[in-house]
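> Provide a 3D model corresponding to the input given below.
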Amino acid sequence: NSRGTAALLKDSIPFTEFSASGPFEGHDLLRRGFTSVKSELLPSHPLELTEKNFQLNQDKTNFATLRNIQGLHAPLKLQMEFRAVKQVQRLPFLHSSNMALDTLRGNDECIGFEDILNDPSQSEVMGEPHMMMEYKLGLL
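Presented below is the predicted three-dimensional model:
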């Protein structure tokens, strides 16, 4: 059989029929973690949105500067490297440090807030490893 057992399970059992949908849908705590009311609120300060998008704005500025200095090929090459590095990560239930991405951005020698207070053992997303892998592979 060339399709494998994963494809057979995925085709034979429609999981969408067993899940609730609509306004009364339950929140899947194992897959999505705890809900946060804070993320649904409007920003309380005008600078909050710029702080959330700081890295994106800094990348855009760096790409524009790089394009003006070296030409169009340099930011395109750097964006391609960013995408390639973002795709390589650990398993979904393990904390990923993204060291290669920090090295490309030049943040590998900087100590920030997330380096000290981002302890993976206190993560709210930690769940059952087998279920998280099956969800990522599309088996659930």
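
> For Gln89, the count of nearby residues, please.
13 (other C-beta atoms under 10 Å). All C-beta spots, glycine's among them, are computed from the backbone N, C-alpha and C.

> And for Met132?
So Met132, with other C-beta under 10 Å, has 19 neighbours.

> Now do the buried residues in stretch 83-103.
By neighbour count on 16 or more other C-beta atoms under 10 Å, the buried set for stretch 83-103 is Val85, Pro92, Phe93, Asn98, Leu101, Asp102.

> Now the two most distant members of these.
Across the buried residues of stretch 83-103, the longest distance by C-beta to C-beta is 21.7 Å; it joins Phe93 and Asp102.

> pretty sure Gly127 contacts Leu30?
Yes: assessed by C-beta atoms under 8 Å, Gly127 is found in contact with Leu30 at 4.6 Å.

> Counting neighbours, go ahead and name the busier of those two.
Gly127 (18 against 13).

> Can you classify the more buried one as helix, strand or coil?
Put simply, Gly127 is coil when judged by DSSP: H, G, I helix; E, B strand; the rest coil.

> could the buried residues of stretch 83-103 go into TSV alongside secondary structure, pLDDT and distance to Asn53?
Shown next, in TSV, are the buried residues of stretch 83-103 (DSSP: H, G, I helix; E, B strand; the rest coil; pLDDT from 0 to 100; distance: C-beta to C-beta, whole Å):
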residue	secondary structure	pLDDT	distance to Asn53
Val85	helix	90	20
Pro92	coil	72	25
Phe93	coil	72	28
Asn98	coil	82	18
Leu101	helix	88	17
Asp102	helix	88	18
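
> can you list those residues in a markdown table and add distance to Thr35?
Output for the buried residues of stretch 83-103, formatted as a markdown table (distance: C-beta to C-beta, whole Å):
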| residue | distance to Thr35 |
| --- | --- |
| Val85 | 30 |
| Pro92 | 19 |
| Phe93 | 19 |
| Asn98 | 25 |
| Leu101 | 28 |
| Asp102 | 29 |
